[in-house]
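> everything below, folded, please.
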Amino acid sequence: MTEPSAPVIPCDQAVRQLWEYVERAVNPVDHARIEDHLAICRQCCGEVEFIKHLRQLLASQTSDDVPPEALRHLDRFVEEL
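Model prediction:
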């Protein structure tokens with residue numbers, strides 16, 4: 001007999017963990033649950049792609065290259081996740 005699978009997590013729960021997911025900082029159970037969610041949610045897949053792109057952009061810049069207003073906007077954006 002197989003174990004019933006856990007229900008797919010809702011978007012708000014997935015979104016709260018996407019940064020950690022992209023950075024491979026979530027535990028294996030949460031990683032699997034996010035993977036299950038991403039398999040059916042195009043919106044959250046878009047969020048993951050945005051996070052990856054943003055991380056690459058920020059990694060290619062020095063802190064002196066990023067205007068202070070952009071950093072403040074990014075901080076607010078991350079807090080809202």
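> tell me how far the residue nearest to residue 6 when sequence neighbours are not counted lies from residue 49.
Leaving aside its sequence neighbours, residue 6 sits nearest to residue 33 (C-beta to C-beta, 6 or more residues apart in numbering; 6.7 Å). For glycine as for every other residue, the C-beta is placed from the backbone atoms N, C-alpha and C. Plainly put, residue 33 is 19 Å away from residue 49 if you go by C-beta to C-beta, to the nearest Å.
> could you dump the helix or strand harbouring residue 32 to PDB, C-alpha only?
For residue 32, the element it lies in under DSSP states H and E is helix 28-38. Taking Å, rounded to 0.1, in the frame of the first residue of the first chain, the C-alpha atoms of helix 28-38 are listed here in PDB:
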ATOM      1  CA  PRO A  28      14.200  18.000   1.300                       C
ATOM      2  CA  VAL A  29      10.600  17.800   2.300                       C
ATOM      3  CA  ASP A  30       9.900  21.400   1.500                       C
ATOM      4  CA  HIS A  31      12.000  21.100  -1.700                       C
ATOM      5  CA  ALA A  32       9.700  18.300  -2.900                       C
ATOM      6  CA  ARG A  33       6.600  20.200  -1.900                       C
ATOM      7  CA  ILE A  34       7.700  23.300  -3.800                       C
ATOM      8  CA  GLU A  35       8.700  21.100  -6.800                       C
ATOM      9  CA  ASP A  36       5.200  19.600  -6.800                       C
ATOM     10  CA  HIS A  37       3.700  23.100  -6.700                       C
ATOM     11  CA  LEU A  38       5.900  24.300  -9.500                       C
END
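> pull the distance from the very next helix or strand once past that helix to the chain's centre.
Sequence order places helix 42-59 as the next helix or strand after helix 28-38, per DSSP H and E. With C-alpha atoms, centre = their mean, to the nearest Å as the basis, helix 42-59 stands 7 Å off its chain's centre.
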